[in-house]
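In: generate a structure from the sequence data that follows.
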Amino acid sequence: MANFTTTTFSTTYKDDYRDSDNYYRILFNSGKALQARELTQMQTIIQEEIRRFGSNIFKEGGKVNGGNVTLNRREFIKLAAGQLPANPTTLINQTFNGGGIKFKILKVVTASGSDPDTLYGEYVDTPEFE
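Out: You can find the predicted model right below:
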């Protein structure tokens, strides 16, 4: 993949920038139209500098400030036909316990068209999610 990318950039976009050339400044000729080759080389230089900075400052797989892990405990369950009681609103705020998993129903949507009856809820007091 890297060879394809490198080849495409160098042939199609005329990006002949090499890090080994040891330059970080692109010069434009005044009085000429915008120069795509130089703009492409500038992009390459900037991307490489950002990559270097990131690999120097951040540890691979390390936590970044504000990057806390959150778990969405909300899920939905699609039911087979005829599983809902006559008055499905009685299920709302009910908590069901099975196999150590507690699931609280927040919303019930009855079947419409090809979409089956659906229960929306969240997991409660489940050790795996703590």
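In: now M42. Nearest residue, chain neighbours left out?
Out: Setting aside the residues directly before and after it, M42 is nearest to I26 in space (Cβ to Cβ, 6 or more residues apart in numbering), at 5.1 Å. Heads up, the C-betas are built off the backbone N, CA and C, glycines and all.
In: could you look up the SS state of the one you found?
Out: Under the three-state scheme (DSSP: H, G, I helix; E, B strand; the rest coil), I26 adopts coil.
In: state whether it and Q43 are indeed in contact, as I suppose.
Out: No: contact criterion Cβ atoms under 8 Å: I26 and Q43 do not qualify, at 10.0 Å.
In: thinking again about what came up before, quick one: the residue nearest to M42 from R37, how far?
Out: Per Cβ to Cβ, to the nearest Å, I26 is found 9 Å from R37.
In: with I50 instead?
Out: Look at I50 and R37: by Cβ to Cβ, they are 21 Å apart.
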